[in-house]
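> sequence and predicted structure, then a few things I'm wondering about:
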Amino acid sequence: MNAPPLLQVNQVTKAFGGIFALNDVSFDLHEGEILGIIGPNGSGKTTLVNCITGFIDLTAGEVLFRGRVISGKPAHKIADMGVTRTFQIMRPYFSLPAYKNLVIPLFAPRAKRTGGWRGGGKLGDRNTVSIDILEELGFERESFVPYKMASNLPTGYLKRLELARCLALNPEIIICDEVFSGLSMSEIASMVPLMERLQMEGITLIMIEHRLRELFRVANRIMVLNFGEKLMEGTAEEVMADEKVKEAYFGSEEVEEVMEHA
Amino acid sequence: MKAQHEQRRKERLDRGIKVRSDGIYALMSWRELCYLVLPRLVLIVGILMLPLLMPTMYWQRVISIVCIYALLTLSFDFLAHFVGLVSLGGAFFIGTGGYLAAILNQSLGLPPLLSIPLATVIGAIICTLFLLPCLPLRGVYFAIVTLMYPLLLMRVIEALNILGGTDGIVGIGSFANRWVEQYFIIIMVLLFLFGVRRLVNQDLGLVFRAVKDNDQAVRASGMSITYYKTIAVFIASAMGCLGGAYLVHIYMWAGLSTFALDFSILPIAATVIGGAGTLVGPVLGAFILVPISELLRAFGTLRIVFYALILLAFIVFRSEGIMVYSQRKYHQFEKWVRV
């Protein structure tokens, strides 16, 4: 692949006091691919997301999006460029109904600029557009689910709402911070095709996951983090076969179990 | 053997008329139309009638003061419950608006009906600029800073002996007659009340509410929280400055007492009494509290004691607020059923 990478993370380091949450992490993300990031708890996965999307400042290193430096910019500017994220702990607007939750991103400058008539503007009513988007993500239009208060929605729908908020912005990259965690097996099973469809629509995805089997099904490449450092990067098979990963992440007995399932 | 208590619970049933969406109702009869329109009509007509019902000049003046407090309360409720900024800035807004109107009237010779709108807009810009540094912060800082500015400005005026110093600016032009004076502010209160109510249900208002609910998600949506907070603070301080500019013109005097902390504290009490987050409730709260405080003047020094007791009773027995309580009574049938 000779095209320049969509997102370049160059030697990103983040220190909280004397503790390095991220140490010299670099990777490239190419257009249209799904990159999976795995690692044990506390290995710096969410910190990496926060660094890329500008929610926290880097200690060293830089992040480039389409060749332009985005590290150091405020979070809303980075989201405005099309690098969006979901939150691991869902952050809906609890006091608003689900479909009104989407009116807010649809009101954002990026949605107005890129959305055409779907952006709301004079022609499209944002309420209608938001119900369209929610339907794509599995909120049945005819049911009352889209009209329910976000505080009454179950986790599965809240995770979808997180994705919907990103989609409303017509993003180029969505960084999914554990969208499968906390979901039942059947809910995950219905989310997997969704991720595949997003990829087909040309959205580049970074997925941080603990659900390895589902991740390995959708991801093109996997990166492994441990103690804030990048252990390795490769296809699912390469990662599974790697001795370092086995030791650091799976623990030696568990890996057989995972392999059997996969 | 213990006698078993009969256990009962309250069953509530929505009385509501058929609602199609946020703003569209399917009205089937005159009764339903009245059900919807009557409360609003009673409020509007009631407030418009007030000056005619007041027996003396003194009470008519009280109505004007009530309206100023109503604007401040509206501004407090809007910021606190729809944007998530707890503002103690009533005194700051009143003082800024008041002194600006005084200066505009004195040095440029503008009549009240010109100086008030100008002082409102310029005052709101000044207040917003002063408050801008603490807008990116979350938490209690906004309250502290808004409380600090009036104290600071008061001392600055006193120490430097500018803007009339402790004497204040005297001889400010008044309104043509008392009807203009009364109805100007009453119409302003109604305009802002229904305007803000409409605003918080628009898309922009939803963004304000989203900032209150979850500012990180707003940032993740590619929107600057500071920008939207700035707009909200501008709207809120415009209401306060309008009240201040008007106050100066009815007293024909702008002095240090326009920075009095009453303007910051009373709106909070009125919001508690009226029902937080309802916008109408807090305005009603101001219409109840300010006259009560005037009526209690008969008790002399004990006035504050009775005032505090009334407030306390409200907080203990009706902490949800008048408006929330009466809305529930109006919209729902209630009956006791045996469990």
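The structure has been received and is ready for your questions. As the structure is a prediction and not an experimental result, all values here were calculated from the model.
> give me every residue that touches the closest residue to residue A:102 other than its chain neighbours.
Counting by CB to CB, 6 or more residues apart in numbering or on different chains, residue A:102 lies nearest to residue A:130, which is 3.4 Å off, once chain neighbours are set aside. For glycine as for every other residue, the C-beta is placed from the backbone atoms N, C-alpha and C. If you count contacts by CB atoms under 8 Å, 6 or more residues apart in numbering or on different chains, residue A:130 has them with A:99-103, A:106, A:146, A:164, A:168.
> so which bits of chain A are right by chain B?
Residues of chain A lying close to chain B (CB under 8 Å from any CB of the partner chain) are A:53, A:55, A:74-77, A:79-80, A:84-85, A:87, A:91-96, A:100-101, A:103-111, A:120, A:126, A:165-166, A:168-169.
> next structured bit after whichever helix or strand residue A:37 is part of?
Element membership for residue A:37 (DSSP states H and E) is strand A:34-38. Using DSSP H and E, the helix or strand that follows strand A:34-38 towards the C-terminus is helix A:45-52.
> quick one: contacts of whatever helix or strand comes next after that next one?
As assigned by DSSP H and E, the chain's next helix or strand after helix A:45-52 is strand A:60-65. The contact list for strand A:60-65, computed with CB under 8 Å, 6+ apart, reads A:6-13, A:24-26, A:51-52, A:69-71, A:78, A:81-83, A:173.
> which ones among those residues map onto strands?
The strands, defined by DSSP state E, take in A:7-13, A:24-26, A:69, A:83, A:173 from those.
> packing partners of the longest helix along chain B?
Ranked by residue count and defined by DSSP state H, the top helix of chain B is helix B:225-251. Helix B:225-251 sits against helix B:57-78, helix B:90-107, helix B:112-131, helix B:178-199, helix B:203-213, helix B:215-220, with contacts defined as 3 or more CB pairs under 8 Å, 6 or more residues apart in numbering or on different chains; DSSP states H and E.
> mind putting those helices in CSV, mean neighbour count and distance to residue B:283 included?
Formatted as CSV, the helices and strands packed on helix B:225-251 follow (neighbours: other CB atoms under 10 Å in any protein chain shown; distance: least, CB to CB, whole Å):
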stretch, mean neighbour count, distance to residue B:283
helix B:57-78, 23, 5
helix B:90-107, 27, 14
helix B:112-131, 20, 18
helix B:178-199, 17, 6
helix B:203-213, 21, 18
helix B:215-220, 22, 27
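> Throw those into JSON lines and include mean pLDDT, thanks.
Output for the helices and strands packed on helix B:225-251, formatted as JSON lines (pLDDT from 0 to 100):
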{"stretch": "helix B:57-78", "mean pLDDT": "92"}
{"stretch": "helix B:90-107", "mean pLDDT": "92"}
{"stretch": "helix B:112-131", "mean pLDDT": "93"}
{"stretch": "helix B:178-199", "mean pLDDT": "92"}
{"stretch": "helix B:203-213", "mean pLDDT": "91"}
{"stretch": "helix B:215-220", "mean pLDDT": "90"}
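> pull out the buried members of the residues of chain A next to chain B.
A:53, A:55, A:75-76, A:79-80, A:84-85, A:87, A:91-93, A:95-96, A:100-101, A:103-111, A:120, A:126, A:165-166, A:168-169 (16 or more other CB atoms under 10 Å in any protein chain shown).
> show me these that map onto strands.
A:84-85.
> just to be sure, which of the buried ones among the residues of chain A next to chain B are found in helices?
A:75-76, A:79-80, A:100-101, A:103-107, A:109-111, A:126, A:165-166.
> return the helix or strand in chain A with minimum mean pLDDT.
Lowest by mean pLDDT, DSSP states H and E among the helices and strands of chain A is helix A:254-261, with a mean of 59.
> show me what contacts the residue in the stretch 101-250 of chain A that chain B sits nearest to?
Of all residues in the stretch 101-250 of chain A, residue A:105 sits closest to chain B, at 4.0 Å by CB to the nearest CB. Contacts for residue A:105 (CB under 8 Å, 6+ apart) come out as A:111, A:165-166, A:168-169, B:221-222.
> let's go with 6 Å and repeat that
If you count contacts by CB atoms under 6 Å, 6 or more residues apart in numbering or on different chains, residue A:105 has them with A:111, A:165, A:168-169, B:221.
> pLDDT at it, what is it?
What the model reports as pLDDT for residue A:105 is 90.
> same check on residue B:171?
For residue B:171, pLDDT reads 81.
> burial measure for the closest residue to it other than its chain neighbours, as a count.
Closest residue in space to residue B:171, ignoring its immediate chain neighbours: residue B:252 at 6.8 Å, by CB to CB, 6+ apart. Here the number of neighbours of residue B:252 (other CB atoms under 10 Å in any protein chain shown) works out to 16.
> next, give phi and psi for residue B:252.
Per-residue torsions, residue B:252: phi 50, psi 30 (degrees, to the nearest 10).
> please verify my assumption that it contacts residue B:172.
Yes - at 4.8 Å, residue B:252 counts as touching residue B:172 under the criterion of CB atoms under 6 Å.
> got the contact list for the residue nearest to residue B:280 when sequence neighbours are not counted?
Nearest residue to residue B:280, sequence neighbours excluded (CB to CB, 6+ apart): residue B:323, at 5.8 Å. By CB under 6 Å, 6+ apart, residue B:323 lies in contact with B:274-275, B:278, B:280-281.
> of those, which belong to helices?
B:274, B:280-281.
> burial measure for residue B:289, as a count.
Residue B:289 has 24 nearby residues by other CB under 10 Å.
> can you check the one 3 residues further on too?
Using other CB under 10 Å, residue B:292 is surrounded by 15 other residues.
> name the SS class of it, please.
Judged by DSSP: H, G, I helix; E, B strand; the rest coil, the three-state class of residue B:292 is helix.
> quick check: residue A:166 touching residue A:83?
No - between residue A:166 and residue A:83 there is no contact under CB under 6 Å: 9.8 Å.
> re earlier: of the contacts of residue B:323, closest to residue A:198?
residue B:278 (41.3 Å; CB to CB).
> show the model's pLDDT score for the closest one.
90.
> for it, list the residues it contacts.
Here residue B:278 is in contact with residue B:323 (CB under 6 Å, 6+ apart).
> now stretch A:192-211: mean pLDDT?
Mean predicted lDDT for stretch A:192-211 stands at 90.
> ok, now stretch A:54-64?
91.
> quick one: that stretch to chain centroid distance?
17 Å (CA atoms, centre = their mean, to the nearest Å).
> what's the answer for stretch A:46-65, then?
Chain-centre distance of stretch A:46-65: 14 Å, with CA atoms, centre = their mean.
> can you pull the buried residues of it?
Across stretch A:46-65, burial judged by 16+ other CB under 10 Å covers A:46-55, A:58, A:61, A:63-65.
> measure residue A:9 to chain B for me?
19 Å (CB to the nearest CB, to the nearest Å).
> surely that residue and residue A:27 touch.
Yes - using CB under 6 Å, residue A:9 is in contact with residue A:27, at 5.2 Å.
> shaky segments in chain A?
A:1-2, A:116-124, A:249-262 (pLDDT under 70).
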